[in-house]
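Enquirer: 3D model of this:
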Amino acid sequence: MTDILGEKGMDLLLREAHTAQAWIDQPVEEKTLRALYDLVRWGPTSANCSPARYVFITSDAAKARLKPSLADINLDKVMAAPVTILVGYDMEFYEYLPKLFPLAPDAKDWFTGSQQLIHDTAFRNGTLQGGYLILAARALGLDCAPMSGFDNALADAEFFPEGRIKSNFLCCIGHADASAYLPRTPRLEFSEACQLI
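Expert: From the prediction side, this is the model:
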């Protein structure tokens with residue numbers, strides 16, 4: 001097994017990463033958010049479809065717009081976060097395929113008339129890109145708090161009123177207050193989660 005990232009790199013991305021519960025008072029600059037997206041966009045998706053769309057919620061006014069959709073359990077964490085990213089997926093992602101996947105000039109036509117295929121492709125690949133977002137944020141030295149505790153319909157009405165983009169999940173990012181970390185919880189063993197056949 002080749003250790004490309006090294007033990008520290010793997011600890012940073014996964015083994016020692018905690019979900020942030022509270023934040024220190026340190027902003028996340030716009031240039032960092034742009035660098036974050038510049039990393040995320042290179043992650044692979046099927047036919048390079050890249051359906052994820054991101055709203056970086058940074059201002060008090062934008063947080064106030066998000067607040068009504070938040071579950072009570074997440075309210076304080078989100079409102080205190082330097083940035084909350086609303087991760088969505090574009091149900092018309094295929095319109096970009098002529099640009100994103102020129103290897104197949106007819107790629108856009110693959111989705112004609114199939115709402116189920118459109119949804120499945122957008123949701124699956126958008127979720128995958130959301131996972132890249134978390135890893136990229138950690139690689140840039142940021143802490144993350146991904147969550148699904150919010151009312152998607154309310155968030156969509158507020159941030160995506162045209163209906164083309166649907167919300168998937170939220171991910172707060174910033175610099176965590178490590179003293180608020182919860183104890184590390186167990187994970188399934190290989191024998192519980194995997195099969196070799």
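
Enquirer: nearest spatial neighbour of the most centrally placed residue in the chain, chain-adjacent residues omitted?
Expert: In the chain, the residue lying closest to the centroid (C-alpha atoms, centre = their mean) is residue 130, at 2.8 Å. Leaving aside its sequence neighbours, residue 130 sits nearest to residue 87 (C-beta to C-beta, 6 or more residues apart in numbering; 4.5 Å). In short, each C-beta sits where N, CA and C put it, glycine included.

Enquirer: tell me the average confidence for the helix or strand that contains the one you found?
Expert: Following DSSP states H and E, one finds residue 87 within strand 83-90. Strand 83-90 shows a mean pLDDT of 98.

Enquirer: and it, how far out from the chain middle?
Expert: 6 Å (C-alpha atoms, centre = their mean, to the nearest Å).

Enquirer: and that strand, what does it pack onto?
Expert: Contact analysis of strand 83-90 by 3 or more C-beta pairs under 8 Å, 6 or more residues apart in numbering; DSSP states H and E lists strand 52-57, helix 60-66, helix 115-139, helix 152-159, strand 165-174 as its packing neighbours.

Enquirer: touching, the residue nearest to the centre of the chain and residue 146? I think so.
Expert: Yes: contact criterion C-beta atoms under 8 Å: residue 130 and residue 146 qualify, at 7.5 Å.

Enquirer: and for those two, which residues touch both?
Expert: 169, 171 (C-beta atoms under 8 Å, 6 or more residues apart in numbering).

Enquirer: report the buried residues of stretch 101-112.
Expert: By neighbour count with 16 or more other C-beta atoms under 10 Å, stretch 101-112 contains the buried residues 101, 107, 110-111.

Enquirer: kindly report the same for stretch 20-30.
Expert: 20-23, 28.

Enquirer: and the contacts of that stretch?
Expert: Residues beyond stretch 20-30 that count as contacts (C-beta under 8 Å, 6+ apart) turn out to be 58, 77, 80-83, 142-145, 172-177, 179-182.

Enquirer: again with stretch 109-119
Expert: 47, 91, 93-94, 121.

Enquirer: check those and tell me the two furthest apart.
Expert: Pairwise distances across these peak at 15.9 Å for 47 and 91 (criterion: C-beta to C-beta).
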